[in-house]
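A.B. asks: give the three-dimensional model of this entry:
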Amino acid sequence: MADQVDQPAGRADIIVLTSLREQVLRRVAESDSRITGLHEPWNHNHHYHRVIIGVIGPDCRHALDVGCGQGTLTRQLRTRVSTVTGIDRDERSIALARARADPQFRDICYIRGDFLTEPITPESVDLVTAVASLHHMNPEAALRKMADVLRPGGILVVIGLARDASVADFLLVVPAAIGNLAHRFAHSWRCRGTRRSSEPCYQSPIIWPPALTYRQARRVAEHVLPGVRYRRRLYWRYSLVWIKPER
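C.D. replies: Residues are numbered from 1 along each chain as shown. Predicted coordinates for the structure are as follows:
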């Protein structure tokens, strides 16, 4: 009887680890697109769209995205809300948002304008969102207007940027960097074998560093929006969720 030949030491462990790595990447990649069924490139802002999607109720009929950029969130909102409006000051971003919404979401309304000066009917919106745009405006004035255009019972969700200033802020840098790499590898794994778009990449305007620290951003929000829920997020972001009181 021939002797059984053993596999080289460690070979089975490598196979198991490789399989586990692929499963982790698959689950991370799927989690980034399963909420809406739309496959959008991953970044820190898109990662927290799930916070917004998670608060949409069945009675939400009109959503307004302030600082909509190239329209990623507006397209996601349109899968759940019948009327969606996006506003942004950047002409090129609005043009790209309109082009990418057509033909699937051609009824999304895009406005090129300044949110703080644009005439918007008070108490006309069920959901107001602002992702990485609050620090482009006067934060207190912007939050007051967002609250003003919300109907009673409506929801405001902000995913904001602020400056690191405390020890706690800096302690999040290492886990955030590790998570960032995992998500980017997962996105590359999901998109392997697909053709890259020939469309030139455009970077919407960036303001850095933000004027406020995380602590200052929280104080402004709590001053303007009594009862707001503030949460420091991992990927260099914070979130605000506020429900406008019923009369």
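
A.B. asks: how many neighbours does the closest residue to residue 136 other than its chain neighbours have?
C.D. replies: Among residues not flanking residue 136 along the chain, residue 207 sits closest, at 5.4 Å (CB to CB, 6 or more residues apart in numbering). Using the backbone N, CA and C atoms, a C-beta is placed for each residue, glycine as well. The local packing of residue 207 (other CB atoms under 10 Å) involves 12 other residues.

A.B. asks: for residue 207, which three-state class applies?
C.D. replies: Assigned state for residue 207: coil (three-state reduction, DSSP: H, G, I helix; E, B strand; the rest coil).

A.B. asks: from residue 171, how far off is the nearest residue to residue 82 once chain neighbours are set aside?
C.D. replies: Nearest residue to residue 82, sequence neighbours excluded (CB to CB, 6+ apart): residue 61, at 5.7 Å. To residue 171, residue 61 is 42 Å away according to CB to CB, to the nearest Å.

A.B. asks: then residue 147?
C.D. replies: 33 Å.

A.B. asks: more crowded one of the two?
C.D. replies: Taking other CB under 10 Å, residue 147 and residue 171 do not tie; residue 147 has more neighbours (18 against 11).

A.B. asks: against residue 168, how distant is the more buried one?
C.D. replies: 28 Å.

A.B. asks: tell me, how many residues neighbour residue 175?
C.D. replies: With other CB under 10 Å as criterion, residue 175 counts 11.

A.B. asks: what sits against it?
C.D. replies: residue 234 (CB atoms under 8 Å, 6 or more residues apart in numbering).

A.B. asks: assign a three-state SS to it, would you?
C.D. replies: Assigned by three-state DSSP, the conformation of residue 175 is helix.

A.B. asks: just the strands in this protein please.
C.D. replies: For the chain, applying DSSP state E gives strands covering 62-66, 83-88, 109-112, 125-131, 150-160, 229-233, 237-243.

A.B. asks: same list (the ones you listed) but as JSON lines, adding mean pLDDT and distance to residue 178.
C.D. replies: Compiled in JSON lines, those are given as follows (pLDDT from 0 to 100; distance: least, CB to CB, whole Å):
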{"stretch": "strand 62-66", "mean pLDDT": "98", "distance to residue 178": "30"}
{"stretch": "strand 83-88", "mean pLDDT": "98", "distance to residue 178": "32"}
{"stretch": "strand 109-112", "mean pLDDT": "98", "distance to residue 178": "36"}
{"stretch": "strand 125-131", "mean pLDDT": "98", "distance to residue 178": "23"}
{"stretch": "strand 150-160", "mean pLDDT": "98", "distance to residue 178": "21"}
{"stretch": "strand 229-233", "mean pLDDT": "97", "distance to residue 178": "15"}
{"stretch": "strand 237-243", "mean pLDDT": "97", "distance to residue 178": "16"}
